[in-house]
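1. Need coordinates for the following:
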Amino acid sequence: MTNQPALSLDNLSEAESKSLLAVGLTNESKYGLTHREKVALVGVIAGMTNLEIANAMFVAMDTAKNYVSTLRRKMGEDFPDRKALRRR
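-> Predicted coordinates:
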């Protein structure tokens, strides 16, 4: 297992920042996301799997799955397509 840095909203790459802006994610998000949901979204945008998100956030895999499911529900059609992100 590799040592992945913890996910953070503070250390985003330029591409991740642009992706967050593309889905309208700002401090006053129209989706009403919690801080932890926003952090999980960074992982989704980075093309991470649920297991990778869980490891980076230091939470159980089921917790990461719940975050991703909640993001899908809250964001609807604006939720990033993970398969498309992985092809980049």
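
2. Poorly predicted segments of the protein, please.
-> Across the chain, residues meeting the criterion (pLDDT under 70) sit at 1-5, 9, 11-12, 15-29, 83-88.

3. where do the helices sit along it?
-> Here the chain has its helices, by DSSP state H, at 14-22, 35-45, 50-57, 61-75, 82-87.

4. Make TSV out of those helices and add distance to Ala6.
-> Bear in mind the C-beta positions are built from the backbone N, C-alpha and C, glycine included. What follows is the helices of the chain, written out as TSV (distance: least, CB to CB, whole Å):
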stretch	distance to Ala6
helix 14-22	14
helix 35-45	9
helix 50-57	6
helix 61-75	13
helix 82-87	20
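
5. a markdown table please, covering the ones you listed and showing distance to Leu7 and mean neighbour count.
-> Formatted as a markdown table, these follow (distance: least, CB to CB, whole Å; neighbours: other CB atoms under 10 Å):
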| stretch | distance to Leu7 | mean neighbour count |
| --- | --- | --- |
| helix 14-22 | 10 | 13 |
| helix 35-45 | 5 | 21 |
| helix 50-57 | 4 | 19 |
| helix 61-75 | 10 | 17 |
| helix 82-87 | 15 | 11 |
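
6. how much space between the closest residue to Ala40 other than its chain neighbours and Glu14?
-> Take Ala40 and drop its neighbours on the chain: the residue closest to it by CB to CB, 6 or more residues apart in numbering is Tyr67, 3.8 Å away. Computed as CB to CB, to the nearest Å, the Tyr67 to Glu14 distance reads 24 Å.
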